[in-house]
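Q: make a model of this:
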Amino acid sequence: MVLTTPDERAALLAGAGSYAPAYLAPYGWVGVDLTADVDWAEITELLDASYRLTAGPRRVARLDAAMR
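A: Take a look at the predicted model:
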């Protein structure tokens, strides 16, 4: 599951391979089916964006510094 912005959530749920998980969907979480044909680059982007929404500012800064 990944946490998304409202715009990303709507786009993900419109496509195949994702679903609104019980109990967590109202909070913005989206489930992604990894057993289907998966675009791993998209999964990487979703995980990065989700982490940035949930991590504290110091952890995000540390991630940005490590990516330079």
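
Q: now the strands for the protein?
A: 2-3, 18-19, 29-32 (DSSP state E).

Q: out of those strands, flag the one nearest residue 10.
A: Residue 10 lies closest to strand 29-32 among those, at 9.8 Å (C-beta to C-beta). (Each C-beta comes from the backbone N, C-alpha and C, glycine too.)

Q: how many residues are close by residue 57?
A: Residue 57: 7 surrounding residues under other C-beta atoms under 10 Å.

Q: from residue 22, how far off is it?
A: Distance of residue 57 to residue 22, computed by C-beta to C-beta, to the nearest Å: 31 Å.

Q: what pLDDT is listed against residue 35?
A: Here, the pLDDT recorded for residue 35 equals 89.

Q: quick check on it: phi, psi?
A: When read as degrees, to the nearest 10, the backbone of residue 35 gives phi -90, psi -20.

Q: give me the neighbour count for it.
A: 6.

Q: residue 9: neighbour count?
A: 18.

Q: mind listing what it touches?
A: By C-beta atoms under 8 Å, 6 or more residues apart in numbering, the contact list for residue 9 reads 28, 30.

Q: mind saving the C-alpha coords of stretch 19-28 as CSV?
A: Presented in CSV, the C-alpha positions along stretch 19-28 are these (Å, rounded to 0.1, in the frame of the first residue of the first chain):
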residue,chain,number,x,y,z
TYR,A,19,-7.6,-1.0,-5.2
ALA,A,20,-9.0,1.0,-2.3
PRO,A,21,-8.0,-1.0,0.8
ALA,A,22,-10.6,-1.5,3.6
TYR,A,23,-10.2,0.8,6.5
LEU,A,24,-7.2,2.7,5.0
ALA,A,25,-8.7,4.1,1.8
PRO,A,26,-10.5,7.0,3.5
TYR,A,27,-7.0,8.2,4.7
GLY,A,28,-5.6,8.3,1.2
